[in-house]
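Visitor: attaching a predicted model along with its sequence, questions to come.
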2 protein chains.
Amino acid sequence: MGSQAIGIFDSGVGGLTVTQQIIQLLPNENLIYFGDTARVPYGEKSPETIIKYSLENARFLMDQDIKLLVVACNTVSAYALEELQEICRIPVIGVIEPGIEKVIQTAQDNQKIAVLGTTATIKSEIYQNKIKARLPLAEIIPIACPLLVPLVEEKFMGHPAARLIIQEYLRPLKDQKISTLMLGCTHYPLLKEVIQEEIKSTVIVDSATSCAEHVCAILDTKNLRRREQSAAQRRYFVSDDPIKFQTIGKEFLGGLIESVSVAFPFSR
Amino acid sequence: MGSQAIGIFDSGVGGLTVTQQIIQLLPNENLIYFGDTARVPYGEKSPETIIKYSLENARFLMDQDIKLLVVACNTVSAYALEELQEICRIPVIGVIEPGIEKVIQTAQDNQKIAVLGTTATIKSEIYQNKIKARLPLAEIIPIACPLLVPLVEEKFMGHPAARLIIQEYLRPLKDQKISTLMLGCTHYPLLKEVIQEEIKSTVIVDSATSCAEHVCAILDTKNLRRREQSAAQRRYFVSDDPIKFQTIGKEFLGGLIESVSVAFPFSR
């Protein structure tokens, strides 16, 4: 049982920041990653379409006999997690709940909490509602940051323009005491340093790290850790242009992606 | 015949820069605009899909009895213009050819010409090949500028970050004498001022203006101008979220869009 792989999917490369954290915490685990790069971005699609695509992606990974499924995408975690948990007979872990758990641990009721995300995630109000349910007295400040994903995908992370844009997005937080800031998008960990410099005394929670910690905890609880000591296998699949994925993906994974194969879990 | 409308379509709001120029040159013409905002962006889709969507959009406008069709989108002009010209019995005008004509008029053989566009347009090499065919001795410098569309759509045109990003993209032109710079994307006219400030002695050609001039010329040649002196009617249709289109569209059209209706030229 333990030797089966952990399956991870995202609409594109963003989920690789989650994968990086999983590799750090669980270097001995086999992994299969699927990035639905032919149909990216999911953020602007209807909930029905997001659910349909997510079930297809999950089916592709399930067919490879995985032991746990990680939904490494905020949009899918917001709209399709329940449907995925219904059809899969294995644990299905999204990125939102673990992130919120971490926020609850670090922030206290009565404090100010900022949530950064794509327009779709902020509009869904999932972070706002779930944090509010646990910390009813907290003031939650949601900020949609639509330019951060393109900036990261175009590798402008270290560019002075990225800092200016981040300063612009963080302007509503100026002169406020923000205890915790949630990075509600899997692309944002690549901008964590710049964001931290701009909002120094705030604790930054990112969904990648907290999701990986949750995966770790579930494997332990269910006694699902791989015991073999042979090198772990990590395989990457995408539905479009493996070269582009490999090139951009390096930044997200923080290391080389040895080989990427093309797979279509859907009829084209 | 002349009282029929001019039909214009684009994958989203970009074509409104072309529409703005058409209104300026032809204030007496009736217009029908269709923005396929439910299926935007086209840039990353396969040529077959781009052709299919374009034919559906054209059919929607043809059904409203238009006298001329403007393809106000570089991606569609690059991939589907011939197919559209085959099925339509009216003149079909894209944005690429008129832009190139203008480049040929302003630049001379032997000079350096820069072309800015989205990754898809630059990859298609359509501007490079068509300019090269007319000016075989010219040196053409293509520059993909993937961040400019999101910057414009998020209204960062006047933001210092936009200038920094433009400086970054124009870096390959530094210390070179560029005679003409082609803006090969319908979003870029909104950044024309900043680009001109960064590359002062270069003539900037934009597809919006040159396309509108070409529309004007065709109407005259074919004797298709509207003769009624009653106020011209301009109608706007989109396949998704009319409010968003109206809000962003204002910037592109340089004025208020009075009313936007929703229409689906495709089965959902």
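Guide: That came in fine, so what should we check first?

Visitor: hey, where'd the strands end up in the stretch 1-150 of chain A?
Guide: In the stretch 1-150 of chain A, the segments counted as strands under DSSP state E, counting those that start in this stretch are A:6-10, A:31-35, A:68-71, A:92-93, A:112-117, A:139-144.

Visitor: turn those into a markdown table, including mean neighbour count and mean pLDDT.
Guide: In this view, the C-beta of every residue, glycine as well, is placed from N, C-alpha and C. Listed next are these as a markdown table, based on neighbours: other CB atoms under 10 Å in any protein chain shown; pLDDT from 0 to 100:
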| stretch | mean neighbour count | mean pLDDT |
| --- | --- | --- |
| strand A:6-10 | 28 | 98 |
| strand A:31-35 | 25 | 97 |
| strand A:68-71 | 25 | 98 |
| strand A:92-93 | 24 | 98 |
| strand A:112-117 | 25 | 97 |
| strand A:139-144 | 17 | 97 |
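
Visitor: the residue lying closest to A:Glu153 once chain neighbours are set aside sits in which helix or strand?
Guide: Closest residue to A:Glu153 apart from its sequence neighbours, by CB to CB, 6 or more residues apart in numbering or on different chains: A:Ile248 at 6.1 Å. Assigned by DSSP states H and E, A:Ile248 belongs to helix A:242-253.

Visitor: tell me the buried residues in that helix?
Guide: Going by neighbour count (16 or more other CB atoms under 10 Å in any protein chain shown), the buried part of helix A:242-253 is A:242, A:244-246, A:248-249, A:251-253.

Visitor: please apply the same query to stretch A:33-50.
Guide: Result for stretch A:33-50 [16+ other CB under 10 Å]: buried residues A:33-45, A:50.

Visitor: and which of these is nearest to B:His214?
Guide: Distance to B:His214 across those (CB to CB) is lowest for A:Glu44, with 32.5 Å.

Visitor: isn't the closest one right up against A:Ala120?
Guide: Yes: between A:Glu44 and A:Ala120 a contact is recorded at 6.7 Å, counting by CB atoms under 8 Å.

Visitor: on that earlier part again, closest to chain B out of the buried residues of helix A:242-253?
Guide: Among these, A:Lys244 lies closest to chain B (CB to the nearest CB), at 9.8 Å.

Visitor: interface residues of the stretch 151-268 of chain A facing chain B?
Guide: With the criterion set to CB under 8 Å from any CB of the partner chain, the stretch 151-268 of chain A comes near chain B through A:151, A:154, A:156, A:159-162, A:164-165, A:168.

Visitor: with distance to A:Lys67 and pLDDT added, can I get those residues in CSV?
Guide: Listed next are those as CSV, based on distance: CB to CB, whole Å; pLDDT from 0 to 100:
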residue, distance to A:Lys67, pLDDT
A:Leu151, 36, 96
A:Glu154, 36, 92
A:Phe156, 38, 96
A:His159, 40, 98
A:Pro160, 45, 98
A:Ala161, 43, 98
A:Ala162, 38, 98
A:Leu164, 44, 98
A:Ile165, 40, 98
A:Glu168, 43, 98
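
Visitor: okay, the residues you listed in TSV with neighbour count next?
Guide: Formatted as TSV, those follow (neighbours: other CB atoms under 10 Å in any protein chain shown):
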residue	neighbour count
A:Leu151	24
A:Glu154	19
A:Phe156	22
A:His159	18
A:Pro160	14
A:Ala161	23
A:Ala162	24
A:Leu164	18
A:Ile165	27
A:Glu168	16
